[in-house]
Each structure stands twice: as structure tokens, then as C-alpha cells.
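Engineer: Test case, fold it:
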Amino acid sequence: DARTQSLFGRLFTNKENKNLPTNNTELLAKTSQNIQLCPNPVVKLVSFRFYFPSELKISSEQTEQLLQTLASSASFIAFEIIGTNQEIIFQITCPAPEGETILAHLKGQLPTLDFRMSEDILKKHFAQNQPNESVVVDFGLQREWFIPLPFGKSLATETLLPLIASMEEIIENEVVCLQILFSRVRGAWQNAVQEAILDRNGKLIFANLNNHLTGIKEKLSNSLFATSVRLIVQSNSNQKSLQIARRTNAFFRQFATPSGNELIPLRNDGLLLNSHIQSFLNRTSYRNGILLSMRELSAIIHLPSDA
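Structural biologist: Next comes the predicted model:
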């Protein structure tokens, strides 16, 4: 799933896709090309909108604790940043039966923010009768999942700035959404990888991974999350939607190192565009997904902060 495409610009020459998506409650994180069946959501979804104070300080530790708690309290979480010509909206969507618990955690761990149950902002702004003017981008990992993405001090203090800047250029009848689906993993992925790449003395079996040993060990010592990272854009024309999607490139380029891993756009060969869009709105996925550590996930799922 993560070895198809490496250059952002090449994504937007891809054809449509036709397969059926994988279950949203546990996105498998293998790097295969298999696309599996995902049923429509069996439960109603509920959304909570973020309202930010004029001044906000959120530490990386707070973000990590929040993500850990949310993932432990819901079968899956959708974190979304939606840009329109009038505003930029942050919201979390989850299965309705788990909504009260999720809202309580949000208010308890981020008491300076105001969280309110709201209509689904994504569906409100997204015209489902205009599929041909839409672009959907799924992201995978360039290399094996256990090689980490940049995080922490290797990133800019405010990683959201490039994304927010691109959304501020949106005009009427345009909408863009960054969506991250995540859930806790259920398999013993750390143990499986350690047995595959390390010998009994903790040394790497594969010499080409020696430069990544420290990062690999750190990632395997962290909590892991099954994750889907994707982008959707709609405007008055397909060409304009492609232009808007390309403007977000600076945000995704942050999560790349020349000798390490990176987020890459994936080809959409074999996926019907209408079904791809519907899976985005339903918070389901066509992809097997990727495995990210807590620190990697918290670098991508980020709230605006003065800290």
C-alpha cells in the first residue's frame, strides 16, 4: 500500500479506482497492495467541533496523552481539518455510541478549549453530486513501516502553518479536508518485527537498516496506531481541485527525510471515484493503512498552539 508512488506531483495524473474499501474499525497496516471489502458504517457517526481561545498552549505530552485516551475509548477516531472560503474548522468524528465518552475525554484533557456536538461539517460542505470535480489523495509510507517518520525536534515548532496557509487561499465553492483515521492496534506488531529483523543480541540482521537502528528501536518501544492519512478537495473543476491539492504539498513534505521514511501519495488505480469519495465521508478506507507510533501520529495530528 505504501510502495506505489513517491512524488507528490505525479499523483494527480492518476486514473480512477474501482475496488472496495477496508473496515474502518481497524485499518490493517501492512504494505501490500491488496484492497479489501469494507462494509458501510454499521453505527451512526457523531462529530465534535473545536472552538479555540485567543491564546492556547498545548504541549506535545498533552497531545500524546489525548490521542492515547481517544484511541483506547473508541473503535476508531477521525481527526479532520476542513477549510472553506469562510473558516477553517477542526472536528473529531467517531461512532455515536462512543460519543459521550469521547466528549468527556476532550473536555477533561483540554479544559481551555470548547467542544460542541455539531452537524457533520464535512458532509455539510461537500456536494456529493459533483464527484468529477473532486480529488481524493491517500497517503502511504515510502519505506517499511518500522522506519520512522520525522517527529519532535526534527520538525518545525508549528507544523500546521503550511496547511493553514494553503487553506487561506480557498475561495467560494471550494473545500479541502485533511482527514486522519486512527485506532489502537490489536496485533503484537513490535514483537513480530523484532523477531524478523533483529538477532538474539538485538543486532540488525539486514545491513541496509543499520543507519535506522536507533529510530526503529524507538518506534517499536512506542504505542502503535493503525492509521489512514488522506486529503479530499472539491471545487468548480477537476483542474482547480488538483491545484488546491498541490498547494498542501509543503505540509506533507515536512514528514520526510532523505535517508529515512516519508509520506507519499498513492495511486488510485482500480478505485471508482464516487465510491472513494463516499468512503471518505463515511470514515471508511480503501487502503490497508499504515502503522504510526504515538510520536509520529502526534506530529501529524496537531492543534494550533502558542507554545
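
Engineer: Go through this structure and flag its longest helix.
Structural biologist: helix 60-73 (DSSP state H).

Engineer: Walk me through which strands the next helix or strand after that helix pairs with, and which way each runs.
Structural biologist: Using DSSP states H and E, the helix or strand that follows helix 60-73 in sequence is strand 77-83. Using DSSP bridges, strand 77-83 pairs in its sheet with strand 88-95 (antiparallel), strand 175-184 (antiparallel).

Engineer: circling back to that earlier point, just the CA coordinates for the longest helix of the chain, please, in CSV.
Structural biologist: Extracted as CSV, the C-alpha positions of helix 60-73 are listed here (Å, rounded to 0.1, in the frame of the first residue of the first chain):
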residue,chain,number,x,y,z
SER,A,60,3.4,17.6,22.9
GLU,A,61,2.8,15.5,26.0
GLN,A,62,-0.8,16.7,26.3
THR,A,63,-1.4,15.8,22.6
GLU,A,64,0.1,12.3,23.0
GLN,A,65,-1.9,11.6,26.2
LEU,A,66,-5.1,12.8,24.4
LEU,A,67,-4.5,10.6,21.4
GLN,A,68,-3.8,7.6,23.6
THR,A,69,-7.0,8.1,25.6
LEU,A,70,-9.2,8.6,22.5
ALA,A,71,-7.8,5.6,20.7
SER,A,72,-8.5,3.5,23.9
SER,A,73,-12.1,4.7,24.1
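
Engineer: Now tabulate the strands paired with strand 77-83 in CSV and tack on distance to residue 43.
Structural biologist: From N, CA and C alone the C-beta is placed, and that goes for glycine too. Shown next, in CSV, are the strands paired with strand 77-83 (distance: least, C-beta to C-beta, whole Å):
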stretch, distance to residue 43
strand 88-95, 4
strand 175-184, 14
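
Engineer: Can you say which of the ones you listed is packed in most?
Structural biologist: Across the strands paired with strand 77-83, averaging neighbours per residue (mean count of other C-beta atoms under 10 Å) puts strand 175-184 on top, at a mean of 22.

Engineer: Can I get that one in PDB? Just the C-alpha atoms.
Structural biologist: The C-alpha trace of strand 175-184 is given here as PDB (Å, rounded to 0.1, in the frame of the first residue of the first chain):
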ATOM      1  CA  VAL A 175     -13.500  22.900   0.200                       C
ATOM      2  CA  VAL A 176     -10.500  20.900   1.300                       C
ATOM      3  CA  CYS A 177     -10.200  18.400   4.200                       C
ATOM      4  CA  LEU A 178      -7.200  16.700   5.800                       C
ATOM      5  CA  GLN A 179      -8.500  13.500   7.500                       C
ATOM      6  CA  ILE A 180      -6.600  11.100   9.800                       C
ATOM      7  CA  LEU A 181      -8.400   7.900  10.800                       C
ATOM      8  CA  PHE A 182      -6.700   6.100  13.700                       C
ATOM      9  CA  SER A 183      -7.300   3.300  16.100                       C
ATOM     10  CA  ARG A 184      -5.300   1.200  18.500                       C
END
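
Engineer: Averaged pLDDT, the following helix or strand past that strand. What do you get?
Structural biologist: The helix or strand immediately downstream of strand 175-184 is helix 189-197, counting by DSSP H and E. The average pLDDT for helix 189-197 rounds to 84.

Engineer: Residue 134 is in contact with residue 232, correct?
Structural biologist: Yes: assessed by C-beta atoms under 8 Å, residue 232 is found in contact with residue 134 at 6.6 Å.

Engineer: Common neighbours of these two, please.
Structural biologist: residue 277 (C-beta atoms under 8 Å, 6 or more residues apart in numbering).

Engineer: Comparing those two, which residue is more hemmed in?
Structural biologist: Taking neighbours as other C-beta atoms under 10 Å, residue 232 and residue 134 compare with residue 232 leading, 24 against 21.

Engineer: who touches that one in this structure?
Structural biologist: 126, 134-137, 176-177, 179, 277, 280.

Engineer: One more: residue 229?
Structural biologist: Contact analysis of residue 229 by C-beta under 8 Å, 6+ apart lists 138-139, 178-180, 263, 290, 300.

Engineer: change it to 10 Å
Structural biologist: 137-141, 178-182, 252, 255, 263, 287, 289-290, 292, 297, 300-301 (C-beta atoms under 10 Å, 6 or more residues apart in numbering).

Engineer: helix or strand for it, which one?
Structural biologist: Going by DSSP H and E, residue 229 is part of strand 224-234.

Engineer: buried ones in that strand?
Structural biologist: Residues 224-234 are the ones in strand 224-234 that count as buried (16 or more other C-beta atoms under 10 Å).

Engineer: Tell me which helix or strand comes right after it.
Structural biologist: helix 238-247.
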